[in-house]
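> Fold the following and give me the result.
(chains A and B)
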Amino acid sequence: MRLLAVTVSLGAALLVMTTAPSYAAGGDAIFKKSCASCHYTDGPAKEKTIADQLAKKGPELFYAGSKFQKAWLAAWLQNPKPIRPMKYNSLTEHNKGDHPKMSAGDAAAVTDFLMGLTSPEVKAGVIKAGSSPQAKQIFGKKMPCTGCHEYLAGGEVHGGKSGPSLVGASKRLNPDWIYAYLANIKVFKPVRDMPDFSGVLSPKDMENVAAYLATFE
Amino acid sequence: MSRFVIIAAMVFGLALSAAGSAQAADAKQVFEFYCAQCHGVNGDGKGINVGKDFATDPRNFTVTADMEKRSDDDIRGVIKDGGPSISKSPLMPPWGATLSAAEVDGLLAHIRQLCKCKGK
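Here you go, the predicted model:
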């Protein structure tokens, strides 16, 4: 009987070891301890009202693996420079740049964990970085993203401050996620202060804009 | 009987005013969430996005003389379809796919409070 119990336990342990995802090294545990008080990772999106959104201390991360580029994420967790000019959910307080820093080891483990959180809404390998006159026209004039988002031009930062900065978007964001976000924004953020452009921009327009943002230094 | 009618009317009136103030509070929250980044928390057009690169002055809703020229339908339309729908700047984006009809009506009521005016 004891032999049977030991065998079953060993078998169960082996099963866990072989089926556990790569972040079993501890990224999920580190995240729970250090990050989960401000960020949630269990989708789908939970917010239903403005009050729900305002109650959040930081962005949801249940699709982080589809949104971010791995190398950028691992580096940013060790040296988290502000992405938003303003404090999250605030139009009056500037971002103090006080996001906690991680050691290289913890950052690598948490990056592995977050990169495993992907969204079925994001089709991989569709959008290739590239500029086009159509995208420039939409970005700057027709539906000006510049009103709310910072961008780099002539070595200087321009643009609005209420949204996340698009400076360095080529290294931070996955172009396929940018397209999916424009096309089906409610799945990612049901309550946000960015307009839903579905029905306003065509899918081709959105592809062009996503490809263009993917060139941003 | 008449006492019952008076009490019922009072209760109904109280309920209506409570609902009205809840709606006003909601409209203020909707305004501060979706509009204040450009139009300012106080509706004076001095939102955080308005800097050297902002190609137009967002509407200052507190200027009665400007706002009374705009009909309610103009204001609903520009919220839903964006600035170009009334030959104004595309920096005012279309919110029609984001906001409900009730939220747009609430915003209109809030804007009319800010300008202390009615549309022509």
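> Next, the buried residues of stretch A:157-173.
By neighbour count on 16 or more other CB atoms under 10 Å in any protein chain shown, the buried set for stretch A:157-173 is A:158-170, A:172-173. Glycine gets a C-beta too; all of them are placed from N, C-alpha and C.
> Start and end of that stretch, how far apart?
Using CA to CA, to the nearest Å, the end-to-end distance of stretch A:157-173 comes to 18 Å.
> one step back: filter the buried residues of stretch A:157-173 by proximity to chain B?
Counting by CB under 8 Å from any CB of the partner chain, A:H158, A:G159, A:G160, A:K161, A:S162 from the buried residues of stretch A:157-173 sit close to chain B.
> Contacts only, for the residue nearest in space to the middle of chain B.
For chain B, the residue whose C-alpha lies nearest the mean C-alpha position (CA atoms, centre = their mean) is B:L107; its distance is 2.4 Å. Listed by CB atoms under 8 Å, 6 or more residues apart in numbering or on different chains, the contact partners of B:L107 are B:A27, B:V30, B:F31, B:Y34, B:C35, B:I75, B:I79, B:L99.
> wait, is it part of a helix?
Yes: counting by DSSP: H, G, I helix; E, B strand; the rest coil, B:L107 is part of a helix.
> B:D57: neighbour count?
As a burial measure, B:D57 scores 12 neighbours (other CB atoms under 10 Å in any protein chain shown).
> Could you do the one 10 residues further on as well?
Other residues within reach of B:M67 by the criterion other CB under 10 Å amount to 21.
> again, but for A:F188
Applying other CB under 10 Å, we find 22 residues neighbouring A:F188.
> Repeat that for A:T92.
Going by other CB under 10 Å, the residues that sit close to A:T92 add up to 9.
> Report the separation between it and chain B.
Here A:T92 is placed at a distance of 8 Å from chain B (CB to the nearest CB, to the nearest Å).
> and if you look at A:N79?
According to CB to the nearest CB, A:N79 stands 26 Å off from chain B.
> swap in A:E121?
Counting by CB to the nearest CB, the gap from A:E121 to chain B is 17 Å.
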